[in-house]
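Q: I would like to see how this sequence folds:
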Amino acid sequence: MLIVGSKALKYNFPNFNREVNDTDIIGNMSDFEILKNVLNPVEIRQKEDIIGLIGITPNDLYPEITTKNVEILLSDNSISLKRYVEYDNAENGIKYASPEVLYSLKKSHIHFPVKFQKHINDYCFLHDSLNGDDKLKEITKINYKETEIRLGKLKTPSLNKKVSEFFAQSDKFVKSYFIHDHLHIAMAHYNGKPLYEKMQYDITIAKCEKVLWEKFTFEDKCKCVLEEAYVIALERKIIPMIFGGDNYITASAALKWSMYRVCTNLCSGWFREFATSNYNKIMEYSNPQYVELFLKKYDDGIIKMNK
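A: Take a look at the predicted model:
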């Protein structure tokens with residue numbers, strides 16, 4: 001059996017600020033039967049390949065388990081979970097997962113839009129601690145595929161089309177109060193010229209080129225992500241609230257929501273990888289007054305509403 005999750009994270013990195021509420025364990029059905037009999041839970045809950053033991057009685061046989069609840073991730077039907085157990089030599093007894101296993105698990109799940117804010121700090125911490133080196137990349141790929149089967153494939157917009165066609169994709173989902181490109185100009189860090197334009201060979205095509213992205217400094221990469229996130233926050237949350245009477249949302253909450261979308265199902269590939277792995281560093285560059293900046297440019301007539 002292999003202890004994963006926050007319990008294992010605190011074991012490997014005692015100084016990391018992470019609250020531990022329950023104990024997550026990778027194990028098979030035989031392990032479940034053993035834990036059920038030893039820990040004497042008040043309640044057992046099962047959903048697909050996860051079994052929760054609720055209100056357990058601590059037992060000296062498993063001193064590692066000190067929480068009231070245990071969640072068992074069943075490995076019987078999972079190639080990747082079995083591989084993690086084998087990698088850490090945890091076939092017999094119970095062990096804490098290594099940092100390599102914890103990073104692989106987080107990396108394989110982080111782009112799926114499930115409890116993103118709960119996991120992103122852990123992921124960034126592990127990414128930095130291991131210098132972004134996934135030693136279990138083959139298992140990570142397997143776990144990602146198994147997660148796709150369980151949660152469904154991530155659907156992200158294709159950029160390989162004309163700009164007009166690309167933005168037309170969202171017309172039926174988002175009411176357009178302003179021309180999208182004008183919002184980019186308003187949020188641009190450098191003299192009204194959006195950074196994404198420096199990643200395009202052909203500005204009539206939405207696709208951006210990695211070879212041009214790699215020429216950016218780290219700071220400009222962060223600012224490029226933020227320009228995209230500001231526009232998404234404004235277009236999807238702030239502007240509909242101000243001009244359309246939609247539900248109230250703070251500038252901070254809107255930006256966190258848009259960054260979550262950039263890191264999950266609104267972007268893909270190398271851009272999404274950078275945004276996710278450097279999430280906290282990017283947020284350090286963010287301007288808490290981005291909404292005020294947009295409104296000033298609107299009041300000054302720099303950008304105008306659609307007719």
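Q: I'd say residue 61 and residue 38 touch.
A: Yes - Residue 61 is within contact range of residue 38, at 5.6 Å (criterion: C-beta atoms under 8 Å). The way it works is simple: take the backbone N, C-alpha and C, and place the C-beta from them, glycine included.
Q: who's more crowded, these two?
A: Counting neighbours by other C-beta atoms under 10 Å for residue 61 and for residue 38 shows that residue 38 has the greater number, 15 against 12.
Q: helix or strand for the more buried one, which one?
A: helix 29-39 (DSSP states H and E).
Q: ok, now how distant is residue 81 from residue 3?
A: 13 Å (C-beta to C-beta, to the nearest Å).
Q: same thing with residue 80?
A: 17 Å.
Q: now swap in residue 19 and tell me
A: To residue 3, residue 19 is 16 Å away according to C-beta to C-beta.
Q: the more surrounded of the two?
A: For residue 19 versus residue 3, the count of surrounding residues by other C-beta under 10 Å is larger for residue 3: 24 against 6.
Q: isn't that one up against residue 94?
A: Yes - using C-beta under 8 Å, residue 3 is in contact with residue 94, at 6.5 Å.
Q: now do the shared contacts for these two.
A: 25, 64 (C-beta atoms under 8 Å, 6 or more residues apart in numbering).
Q: for the stretch 51-200 of the chain, just list every one of the strands.
A: 70-74, 95-96 (DSSP state E, counting those that start in this stretch).
Q: who wins for proximity to residue 244 among the ones you listed?
A: For those, proximity to residue 244 was assessed by C-beta to C-beta; strand 70-74 is nearest, at 41.5 Å.
Q: who touches stretch 60-72?
A: 3, 5, 7, 20-27, 31-32, 35, 38-39, 41, 50-56, 58-59, 94, 96.
Q: try stretch 180-189
A: For stretch 180-189, using C-beta under 8 Å, 6+ apart, the contacting residues are 163, 167, 192-196, 223, 226-227, 230-231, 234-235, 290, 293-294, 297-298, 302-304.
Q: buried subset of those residues, written for ChimeraX?
A: Here is the ChimeraX command that selects the buried residues among these (16 or more other C-beta atoms under 10 Å):
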select :163,167,194,195,196,223,226,227,230,231,234,235,290,294,297,298,303
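Q: out of the contacts of stretch 180-189, list just those in helices.
A: 163, 167, 223, 226-227, 230-231, 290, 293-294, 297-298 (DSSP state H).
Q: which of those sits closest to residue 12?
A: residue 226 (31.4 Å).
Q: first-to-last residue distance for stretch 245-253?
A: 17 Å (C-alpha to C-alpha, to the nearest Å).
Q: what about that stretch, average pLDDT?
A: Throughout stretch 245-253, pLDDT has a mean value of 95.
Q: returning to that earlier point: generate a PyMOL selection restricted to the buried entries among the contacts of stretch 60-72.
A: Selecting only the buried entries of the contacts of stretch 60-72 in PyMOL, with 16+ other C-beta under 10 Å as the criterion:
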select buried, resi 3+5+7+22+23+24+25+26+27+31+32+35+39+41+51+53+56+94+96
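Q: so where is the stretch 1-150 of the chain shaky, pLDDT-wise?
A: Counting by pLDDT under 70, the stretch 1-150 of the chain shows no low-confidence range.
Q: at 90 instead, please
A: For the stretch 1-150 of the chain, applying pLDDT under 90 flags the ranges 17-19, 48, 58, 92, 113-115, 118, 150.
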